[in-house]
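Asker: Structure for the following, please:
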Amino acid sequence: MQSLLQQLSTIHRLSAAAQQDLEKAFLPLTLTKNTFLIEEGKICRQLYFLEQGCIRGYYLSDGKEITHWFGFENDFVTSFHSFSTQQPATEHIQLLEGSVLWSISREKLLQLCEKHHNIERLLRMAYEKYYIRLEERFVKSQFRTAAERYALLLEQAPHIIERVPLGHIASYLGLSQETLSRVRAKL
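Answerer: Below you'll find the predicted structure:
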């Protein structure tokens with residue numbers, strides 16, 4: 001719980017009362033590798049804080065898994081579209097490692113936003129950070145070669161290479177596993 005509160009304080013300062021209410025609202029979860037937090041077609045009703053572990057979000061397209069994000073320690077993870085709209089998720093969220101998470105329901109989070117405006121502001125700021133990350137990833141993937149995408153990943157997020165299977169990395173970079181192997185051999 002301490003790492004959750006520390007991470008929240010880096011986004012926006014919270015009142016003592018808001019912190020206490022958040023501590024009561026988040027529930028701990030310890031889950032095993034390959035567990036799904038959400039599956040396509042189900043409504044996501046939880047927001048998670050990843051204290052320890054590794055998670056990926058992916059879509060299925062013609063039976064093929066397309067990884068579009070990874071989550072690591074101190075990340076907030078959920079199917080943001082489903083969580084926000086309460087429509088069925090179009091993605092799967094799967095643990096790649098045994099993980100320790102903190103969970104809060106959408107209903108409880110919205111109640112806390114009504115009660116504490118600094119929690120509402122914190123949530124808005126967290127969504128802004130998520131959107132910026134998403135946009136940066138889109139731009140970086142659209143205008144770079146395969147080698148440039150891999151080199152950028154090595155530079156900006158080498159922990160992904162150490163913790164995620166190469167097949168998921170290839171999918172994340174928009175490459176086949178064979179192309180990723182050739183790029184890695186050249187570097």
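Asker: Could you list the low-pLDDT ranges of the protein?
Answerer: Within the chain, the stretches with pLDDT under 70 are 1.
Asker: how about the helices of it, start to end?
Answerer: 2-11, 16-25, 80-85, 106-115, 117-142, 146-156, 158-163, 166-173, 177-186 (DSSP state H).
Asker: In stretch 130-150, which residues are buried?
Answerer: Buried residues in stretch 130-150, defined by neighbour count with 16 or more other Cβ atoms under 10 Å: 130, 146, 149-150. For glycine as for every other residue, the C-beta is placed from the backbone atoms N, C-alpha and C.
Asker: Any idea which of the helices of the chain gets closest to Tyr59?
Answerer: helix 166-173 (9.7 Å; Cβ to Cβ).
Asker: Now that closest one - C-alpha only, CSV.
Answerer: C-alpha atoms of helix 166-173 as CSV (Å, rounded to 0.1, in the frame of the first residue of the first chain):
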residue,chain,number,x,y,z
LEU,A,166,10.4,-12.2,-27.4
GLY,A,167,7.1,-13.2,-29.2
HIS,A,168,5.2,-10.6,-27.1
ILE,A,169,7.9,-8.0,-27.8
ALA,A,170,7.8,-8.6,-31.5
SER,A,171,4.0,-8.2,-31.5
TYR,A,172,4.4,-5.0,-29.4
LEU,A,173,6.8,-3.6,-32.0
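Asker: Make JSON lines from the buried residues of stretch 130-150 and add distance to Glu97 to it.
Answerer: Rendered in JSON lines, the data for those read as follows (distance: Cβ to Cβ, whole Å):
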{"residue": "Tyr130", "distance to Glu97": "22"}
{"residue": "Ala146", "distance to Glu97": "27"}
{"residue": "Arg149", "distance to Glu97": "24"}
{"residue": "Tyr150", "distance to Glu97": "22"}
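Asker: tell me which residues of stretch 28-39 are tucked away?
Answerer: 29, 31, 37-38.
Asker: Revised request: answer the last question for stretch 53-61.
Answerer: For stretch 53-61, burial by neighbour count (16+ other Cβ under 10 Å) applies to 53-58.
Asker: cool, and stretch 64-82?
Answerer: 67-72, 75-80, 82.
Asker: Taking these, tell me the two that lie furthest apart.
Answerer: Going by Cβ to Cβ, the pair spanning these furthest: Phe72 and Ser82, at 21.3 Å.
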